[in-house]
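In: Show me how the following folds:
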Amino acid sequence: MLLYGAGGHAKVIISALLDHEIPVKAVFDDDPGRKPINGIAICNGYNSTVFPGEKLIISIGNNSTRKHISEIIQHSFGSITHPSASIDRSVEAGEGTCILHHAVIQADAVVGRHVIINTAATVDHDCIIQDFVHLAPGVILAGNVRVGENTLIGAGSIVAPGLTIGKYCFVSAGSVVTINIPDGATVRGNPARIISRSL
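Out: As a prediction, this is how the structure comes out:
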């Protein structure tokens, strides 16, 4: 497997890969000052000729950056699900998606491309998670929740059943969402309230 991005999120993905005994052959990063991770040297910038037959995971937590990079990559995309995660057999997940340590995804949930389901996040039945979403550690989505593309739901947040969170939203850490959230909104609190709009 190849990775693009050598920050903290890459360390977690490497952990997941190693727990599957999947070797990481190279890590690309645009910052020449990045230090090796687990003894893996960092390649300065993306190079499509390096291990062209290997699959690549974009190991960057920022949704917009991950989306931008996905548009320039020439390798095929890989995915990873940590062996401690509990994923119902009916779940569909797209390419480039990372389901990390102790995550739970229940029946008939659909997870898009290049999504991060981070440590101990829970996605209940019939949820739809669109492309380039990041569910931070400890997020809980109740059943039938829809999350629009490029949205970040912060650590420890809870979303009540049947709600829709729009695209390009930011749900601050620890929020409790009890209303539908429009596109481009930043929300915070318990109960979560809209504090700004970007769209």
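In: For my notes, confirm residue 101 occurs in a helix.
Out: No - Residue 101: not assigned to a helix; according to DSSP: H, G, I helix; E, B strand; the rest coil it is coil.
In: Isn't it up against residue 119?
Out: Yes - between residue 101 and residue 119 there is a contact at 4.9 Å, judged by C-beta atoms under 8 Å. For every residue, glycine as well, the C-beta is placed using N, CA and C.
In: Identify the contacts common to these two.
Out: residue 12 (C-beta atoms under 8 Å, 6 or more residues apart in numbering).
In: Report the contact partners of residue 59.
Out: 3, 4, 5, 6, 7, 9, 10, 13, 14, 27, 98.
In: again, but for residue 98
Out: 13, 16, 57, 59, 79, 80, 81, 115, 116, 117.
In: how distant is the host helix or strand of the third one from the center of its chain?
Out: Residue 57 is located in strand 56-58, with elements delineated by DSSP states H and E. Using C-alpha atoms, centre = their mean, to the nearest Å, the distance from the centre of strand 56-58 to the centre of the chain it belongs to is 11 Å.
In: now the contacts of residue 98 in JSON lines, with secondary structure?
Out: Output for the contacts of residue 98, formatted as JSON lines (three-state DSSP):
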{"residue": "13", "secondary structure": "helix"}
{"residue": "16", "secondary structure": "helix"}
{"residue": "57", "secondary structure": "strand"}
{"residue": "59", "secondary structure": "coil"}
{"residue": "79", "secondary structure": "coil"}
{"residue": "80", "secondary structure": "strand"}
{"residue": "81", "secondary structure": "strand"}
{"residue": "115", "secondary structure": "coil"}
{"residue": "116", "secondary structure": "strand"}
{"residue": "117", "secondary structure": "strand"}
